[in-house]
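K.L.:
Quick one: sequence plus predicted model below, questions after.
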Amino acid sequence: MSDADWVLLLSRGQFAVTMGMHITLAALTLGLAPYLVWFEARWLWGKRPAARNALHFWLKIFALTVAIGAVSGVVMEFQFGTNWAPFSQQVGGIIGPLLFYEVLVAFFLESGLTGVMLFGMGKIRPKIHFVITCLVAIGAFLSAFWILAANSWMQTPVAFQRDGDGPFHPESWLGVLAAPSFPWRFSHMLLASLIAVSFMVAGVAAWRLLHRPSEAAARVMLSASLWFALFAVPVQIVLGDQHGENTLAHQPQKMAAIEGSWHQPPQGEGEPLRLFALPDQQAQRNRLELAIPEVGSLYLRHNFTGHIKSLSEFAPDAIPPVAPVFFAFRIMVGLGVLMLLTSVAAAAQRARGRLYSSRRLYWLLVAMSPAGFIALLAGWVVTEVGRQPWTVYGIVRTAESVSPLPLPWVIASCGGVALIYGVAFSLGMRYFLRYVASPLPQEPDVVTAVIPTSR
């Protein structure tokens, strides 16, 4: 490999690390915000102190996540001017304003009011505090809206003008926001964040109930998270199917990589469901393939004989790295199936009146607590690696988007980012696990200061 190839590889790796950290934090705030609204509503209108304790417990995690997420977001976006300057020069006219709206409209709303939400307990009127909590949730929602609008345009670019190889200019901002993949990508990400947080909250509640069986706040967390998961996971499966249909229409190479489909099946046969394989990109075949005949056509084309374009129908330099896309998709789907089964099992225990006494269910929920975030990150691997070799799909290649930086500089930058993010993640996880195991503060002063003043 030449120095230029190493610069491209390391720049992509560095962006993947920063993006992976940031998307995890963003998903945590996006999925946790509705829980804060729900817990506070149960406290104010249901007069349940347990809901107030649950609100206090997760509010501190939310505020810390917003603070760290703000920093990680800045680091991520700075790379557009360092490692990806040619990309910024070409698409800055479209991506720049979308990121600016995200900062102006969403970031200030979410970050600015999080402090009020955190430190305003007992100091401002309860209903005003509830409105602020709702505004913070709306801020998280708007932040995801603008970020995913930018990503969706890069995945399915529309409504732009360009003179030759010059910069992109929007024809219509409504057209940019109407990128074909945006509705499915946005809704899929919203539900993915909610499901990830639901299983995290359920796992935390289960761990606390294993050690403190009578803790009322943990019971409130457990019940709410399992209700959310029970309804959200099946809806996500339907949305995932529709998102796949959209991908098949607009990014057929990505779908072929997801399926590991190198060649068309024989005439009259449908696409198989490949449960496992070792894709060999150089030989254009799968090794050790384990597949179920015809089933792939059922979920891809909703019949038993439909086909998709195979990887061999595209130029070799126009298809993504197949192995990571193939395996990441199966990790995502496999964990999705496990989360669905877990949600159904929890509902069965609830119906039997054993939701708060089944230790086996608690251990299952503890084991499944990171499943949603792992599935979410696997989904982003499918999305971003599957888009390769393009930054703007079908128009601007990734190799044309990287800055021509000196290799030693990129090595130092990539190593520094990996080290700092690794330390930050380790310390953050250590704090989170210790916080999860700590007793809930009883704060009777908050109850007496806030509840009686509600009018």
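P.N.:
Arrived safely, thanks for sending. Numbers count the residues shown, from 1 in each chain.
K.L.:
Now for Ala437: which residues touch it?
P.N.:
With contact set as CB atoms under 8 Å, 6 or more residues apart in numbering, Ala437 has these partners: Trp207, His211. Quick note: C-beta positions are derived from backbone N, CA and C, even for glycine.
K.L.:
swap in Leu239?
P.N.:
Residues near Leu239 by CB under 8 Å, 6+ apart: Trp184, Ser187, His188, Leu191.
K.L.:
Helix or strand: which one has it?
P.N.:
With secondary structure defined by DSSP states H and E, Leu239 is part of helix 216-250.
K.L.:
And Glu289, by the same measure?
P.N.:
Following DSSP H and E, one finds Glu289 within strand 285-292.
K.L.:
Check which helices and strands that strand sits against.
P.N.:
Counting contacts by 3 or more CB pairs under 8 Å, 6 or more residues apart in numbering; DSSP states H and E, strand 285-292 packs against strand 273-280.
K.L.:
between the longest helix belonging to the chain and helix 216-250, how big is the angle?
P.N.:
In the chain, assigned by DSSP state H, the helix with the most residues is helix 3-46. Using axes from the mean of the first three to the mean of the last three CA atoms, to 10 degrees, the inter-axis angle of helix 3-46 relative to helix 216-250 is 140 degrees.
K.L.:
follow-up on the earlier one: from the chain's centre, how far out does the helix holding Leu239 sit?
P.N.:
Computed by CA atoms, centre = their mean, to the nearest Å, the chain-centroid distance of helix 216-250 equals 12 Å.
K.L.:
Give the rounded mean pLDDT of that helix.
P.N.:
Here helix 216-250 scores 94 as its mean pLDDT.
K.L.:
swap in stretch 174-186?
P.N.:
Model confidence over stretch 174-186, given as mean pLDDT, is 94.
K.L.:
now do stretch 253-260
P.N.:
94.
K.L.:
quick one on the thing from earlier: looking at the contacts of Leu239, which are in helices?
P.N.:
Using DSSP H, these in helices are Trp184, Ser187, His188, Leu191.
K.L.:
Please identify the buried residues of the strand holding Glu289?
P.N.:
Asn286, Ala291 (16 or more other CB atoms under 10 Å).
K.L.:
chain center to that strand: distance?
P.N.:
With CA atoms, centre = their mean as the basis, strand 285-292 stands 29 Å off its chain's centre.
K.L.:
Give me the angle between that strand and strand 273-280.
P.N.:
170 degrees.
K.L.:
Note down every partner strand of strand 285-292 and its orientation.
P.N.:
Strands flanking strand 285-292 in the sheet, each with its direction: strand 273-280 (antiparallel) (DSSP bridges).
K.L.:
Quick check, central residue of this structure?
P.N.:
Leu376 (4.5 Å; CA atoms, centre = their mean).
K.L.:
how about the helix or strand harbouring that one: buried residues?
P.N.:
Using DSSP H and E, Leu376 sits in helix 371-385. For helix 371-385, a neighbour-count test (16+ other CB under 10 Å) marks 371-373, 375-385 as buried.
K.L.:
again with stretch 230-247
P.N.:
Those buried within stretch 230-247 under the rule 16+ other CB under 10 Å are Leu230, Ala232, Val233, Gln236, Leu239, Gly240, His243, Gly244, Glu245, Asn246, Thr247.
K.L.:
cool, and stretch 401-418?
P.N.:
Ser401, Val402, Ser403, Leu405, Val410, Ser413, Cys414, Val417.
K.L.:
Stretch 243-259 now?
P.N.:
Buried residues in stretch 243-259 (16+ other CB under 10 Å): 243-248, 250-259.
K.L.:
Over to stretch 201-215?
P.N.:
Val201, Ala202, Gly203, Val204, Ala205, Ala206, Trp207, Arg208, Leu209, Glu215.
K.L.:
Excluding covalently adjacent residues, which one is nearest to the second one?
P.N.:
Looking back up the chat, that one is Ala202. Leaving aside its chain neighbours, Ala202 sits nearest to Ser225 (4.1 Å; criterion: CB to CB, 6 or more residues apart in numbering).
K.L.:
next one: the first one
P.N.:
Nearest non-adjacent residue to Val201, counting by CB to CB, 6+ apart: Ser225, 4.0 Å away.
K.L.:
Spit out the contact partners of that neighbour.
P.N.:
Tyr35, Val197, Ser198, Phe199, Val201, Ala202, Ala205.
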